[in-house]
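A.B. asks: Could you work out the structure for the sequence below:
(one chain, ligands or ions: 2)
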Amino acid sequence: EAEQLKQLIGQSSTTEDGHTVELVANIGSTKDLGTVTENDAEGIGLFRTEFLYMNRDSLPTEEEQFDAYKTVLFTMGDKPVVIRTLDIGGDKDLPYLDLPEELNPFLGFRAIRLCLERDDLFRVQLRALLRTSVYGNLKIMFPMVATLEEFRQAKALLEEEKQSLQDEGYEVSNNIEVGIMVEIPSTAALADQFAKEVDFFSIGTNDLIQYTMAADRMNEHVSHLYQPYHPAVLRLIKQVIDASHAEGKWTGMCGEMAGDEVAIPILLGLGLDEFSMSASSLLPARKQLSQLNKQTVTDAATTILNQQTNEAVKDYVTDQFLN
Ligand code: PEP
Ligand code: MG
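C.D. replies: Ligands and ions are numbered 1, 2, ... in the order given. Got it, this is the predicted structure:
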């Protein structure tokens, strides 16, 4: 079994009928790069940079961040590296920031909301990212975007910092793709409009599911409502993918769902371009994809989206595509 998987190293992630997708990895620190390389990731689909800020008592400096981002880019060579800007708040606290106590942290002051308000710390991160852009194939991603204005503000700050760096004599790449996570239903609903302005989407299903179903991802009393295959969730995913393709952009997924064997045939059928997962899931996913037929799963999409429940979708996919 393990030997069989090893034979997939160096191969592309291609279906039985010749459709190729990108299989990339989620990381939380440069320490994860060893297993990422061993498991033949085709890039990084999500670098959760908040871990650089956690378990310490002050903000990481521009230089510290620069070193970390550069290491990731350097290790990955010319492969794509999607680095997500700070996603703190919700379940992830930074004691030294003195964030307000909130009744509903998952609906509160977190991620891009905090970064736009505290642009002093956001600008430091943007500078570090921009400075590393000449060392590899960097893509920058903003988390928890709920409105077009938030994206525009974040992008404007990025442009300002780029200009400042260039004025200071730094070299900055002109080919940095700038995208957003789609993890809030408002953004999925307005995906056609976002798609005109962003370079890519990455669907964050860990949050998209909780916000769509109104079921806290940490609360065991409502975990039965946390339903990844619920047709409502799948229809949002389809809408996002279709909207990106209509504008010639690409859509990835970096929530847990992207590496899930029941979800993979569904997502392939909906046209997902990039699957980002923990390194240990990469080769099993490549194997599964090699045994799937893109045309068959595409034909099944309508049936899947017309199911009424999470269970019905799961049963249908298991019966049709898992052996
Ligand atoms: C997500 O919400 O799916 C995601 C990848 O982000 P995080 O799990 O870090 O919230
Ligand atoms: Mg999230």
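
A.B. asks: residues in contact with the residue nearest the centre of the chain?
C.D. replies: With distances taken as C-alpha atoms, centre = their mean, C254 lies nearest the centre of the chain, 3.4 Å away. Going by C-beta atoms under 8 Å, 6 or more residues apart in numbering, C254 touches 26, 45-46, 82, 181, 202-204, 276-277. Just so you know, the C-beta spots here come from the backbone N, C-alpha and C atoms, and that holds for glycine as well.

A.B. asks: same thing but 7 Å
C.D. replies: Taking C-beta atoms under 7 Å, 6 or more residues apart in numbering, we find C254 in contact with 26, 45-46, 202, 204, 276.

A.B. asks: Up against ligand 1, what does the chain have?
C.D. replies: Contacts of the chain with ligand 1, taken as C-beta under 6 Å from any ligand atom, map to 46, 48, 87, 183, 204-207, 254-255.

A.B. asks: among those, which are within reach of ligand 2?
C.D. replies: 183, 204, 207 (C-beta under 5 Å from the ion).

A.B. asks: who wins for most neighbours among those?
C.D. replies: When neighbours are counted by other C-beta atoms under 10 Å, G204 leads those with 28 neighbours.

A.B. asks: for the chain, what's the longest helix?
C.D. replies: If you go by DSSP state H, the chain has its longest helix at helix 148-167.

A.B. asks: next structured bit after that helix?
C.D. replies: Next along the chain after helix 148-167, taking DSSP states H and E as the criterion, comes strand 177-182.

A.B. asks: Quick check: closest non-adjacent residue to R123.
C.D. replies: E161 (5.7 Å; C-beta to C-beta, 6 or more residues apart in numbering).

A.B. asks: Could you check the longest helix of the chain and say which residues are buried?
C.D. replies: 148, 150-151, 153-155, 157-158, 161-162, 165 (16 or more other C-beta atoms under 10 Å).

A.B. asks: which bits of the stretch 151-300 of the chain sit near ligand 2?
C.D. replies: So far as C-beta under 5 Å from the ion goes, the stretch 151-300 of the chain lies against ligand 2 at 183, 204, 207.

A.B. asks: between these, which is nearest K31?
C.D. replies: Each of those was checked against K31 using C-beta to C-beta; the closest is G204, at 22.4 Å.

A.B. asks: So the closest one is in contact with E183, correct?
C.D. replies: Yes. If you go by C-beta atoms under 7 Å, G204 and E183 touch, sitting 3.4 Å apart.

A.B. asks: Surely V24 is within a helix?
C.D. replies: No. V24 is assigned strand when assessed by DSSP: H, G, I helix; E, B strand; the rest coil, not a helix.

A.B. asks: Could I get the contacting residues of it?
C.D. replies: 41-45, 274, 276.

A.B. asks: Generate a ChimeraX selection restricted to the buried subset of these.
C.D. replies: In ChimeraX, a selection of the buried entries from the contacts of V24 looks like this (16+ other C-beta under 10 Å):
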select :41,42,43,44,45,274,276
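
A.B. asks: In a markdown table, list the contacts of V24 along with pLDDT and secondary structure.
C.D. replies: Formatted as a markdown table, these follow (pLDDT from 0 to 100; DSSP: H, G, I helix; E, B strand; the rest coil):
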| residue | pLDDT | secondary structure |
| --- | --- | --- |
| A41 | 98 | coil |
| E42 | 98 | coil |
| G43 | 98 | coil |
| I44 | 98 | strand |
| G45 | 98 | strand |
| E274 | 99 | strand |
| S276 | 98 | strand |
